[in-house]
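Novice: I need the structure of the sequence given here:
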Amino acid sequence: MLGSRQLWTVLALAAATACARVPPDAMLPRSGTSLYDVVVAAASGERTVTSVYLLEVVPGAERVWTIRTVHTEGTWEETGGAFAFDSGDPRPEDPWPLLLQHAVASVPAVVQFTDDGVPVGLEEEEGWRMASLKAMQALDLPSQAMASGEALLDPRGLVRDLQRNFPGMPPEGVWVRDESIAGLPSQRIESCEATTEGRRAVWRCEGEVEGPKVGPARLHLMVSSSVVVMDKHGLVSLEGTYSGTLVMLDESGTDLVDRPVAGRRLVVRR
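Specialist: Residues are numbered from 1 along each chain as shown. Next comes the predicted model:
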């Protein structure tokens, strides 16, 4: 498994050398199969989670693409130890949730997009559910593991996850996106400026994240940024970041505690 420094280097080089000719008309390519590397790192307090996966994107009918996860790697560190997962090198001690999650993600999903390149739904939802269920059953895990995997058969959840990788073409001005940050439903509100660099269209956006107004947890002083690069073939790269503080009640429910939270997402077309 590649070290984290190697992964960032590979992705940075991929972003720098991606072919670009003219500003794009759509988020994803209309011909041929494309591969996207995705790296997601998130930290909350003493816990750090990194996910690395490879997406395959195949165009279909107008505004429809078929997307599946080809490979998944992950690491997470917290008090008590460090753990790792690699779908290409399965081990008996691999956690059931990660095995199930990759099995479902590897099932091709036929995804509908808007004109601006935002995923909005699945075609043939029931067919996708049945294929995903068969993929989980093929793992031959205990029945209690299968019960926990039922929550993964969620077309809306899949679409929400894809929207984080393919958020669509940013508007001129304010860009508002719903996103889950530190496990809380939130909104990323950023102001964007569009430029042309060679034959690429580039949007640079900065702003803040607004979390829930009620409940036991709040996001405080949360800043965010996004950089979207596109060419005539669609999305070249997306880089998004956030950082701030999570304020919440302690286990007794009487005192407030705060912990730093931060995250980075990098999506790069090969």
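Novice: list the buried ones in stretch 195-210?
Specialist: For stretch 195-210, the neighbour count (16 or more other Cβ atoms under 10 Å) marks 200, 201, 202, 203, 204, 205, 207, 208, 209 as buried. For every residue, glycine as well, the C-beta is placed using N, CA and C.
Novice: just the strands in the stretch 1-150 of the chain please.
Specialist: Ranges of strands in the stretch 1-150 of the chain, per DSSP state E, counting those that start in this stretch, are 34-44, 47-59, 64-78, 81-86, 109-113, 119-122.
Novice: dump the ones you listed into CSV; add distance to residue 157 and mean pLDDT as well.
Specialist: Output for the strands of the stretch 1-150 of the chain, formatted as CSV (distance: least, Cβ to Cβ, whole Å; pLDDT from 0 to 100):
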stretch, distance to residue 157, mean pLDDT
strand 34-44, 16, 96
strand 47-59, 15, 95
strand 64-78, 14, 94
strand 81-86, 20, 89
strand 109-113, 11, 97
strand 119-122, 11, 96
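Novice: nearest to residue 235, out of these?
Specialist: For the strands of the stretch 1-150 of the chain, proximity to residue 235 was assessed by Cβ to Cβ; strand 34-44 is nearest, at 7.7 Å.
Novice: packing partners of the closest one?
Specialist: Other helices and strands packing on strand 34-44, by 3 or more Cβ pairs under 8 Å, 6 or more residues apart in numbering; DSSP states H and E, are helix 4-17, strand 47-59, strand 234-249, strand 256-269.
Novice: any idea what the residue nearest to residue 217 when sequence neighbours are not counted is bridged to?
Specialist: Excluding the flanking residues, the one nearest residue 217 by Cβ to Cβ, 6 or more residues apart in numbering is residue 248, at 4.0 Å. Taking DSSP bridges as the rule, residue 248 bridges to residue 217, residue 257.
Novice: and residue 248, what does it touch?
Specialist: 216, 217, 218, 256, 257, 258 (Cβ atoms under 8 Å, 6 or more residues apart in numbering).
Novice: dump the residues you listed to CSV, plus neighbour count.
Specialist: CSV is the format used below for those (neighbours: other Cβ atoms under 10 Å):
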residue, neighbour count
216, 11
217, 13
218, 17
256, 10
257, 11
258, 13
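Novice: which among these gets closest to residue 270?
Specialist: Nearest member of the contacts of residue 248 to residue 270, counting by Cβ to Cβ, is residue 217, at 37.8 Å.
Novice: residues touching the residue lying closest to residue 267 once chain neighbours are set aside, list them.
Specialist: Distances taken as Cβ to Cβ, 6+ apart place residue 238 nearest to residue 267, at 4.3 Å, with adjacent residues excluded. Counting by Cβ under 8 Å, 6+ apart, residue 238 makes contact with 165, 166, 167, 226, 227, 228, 229, 265, 266, 267.
Novice: perfect, that will be all.
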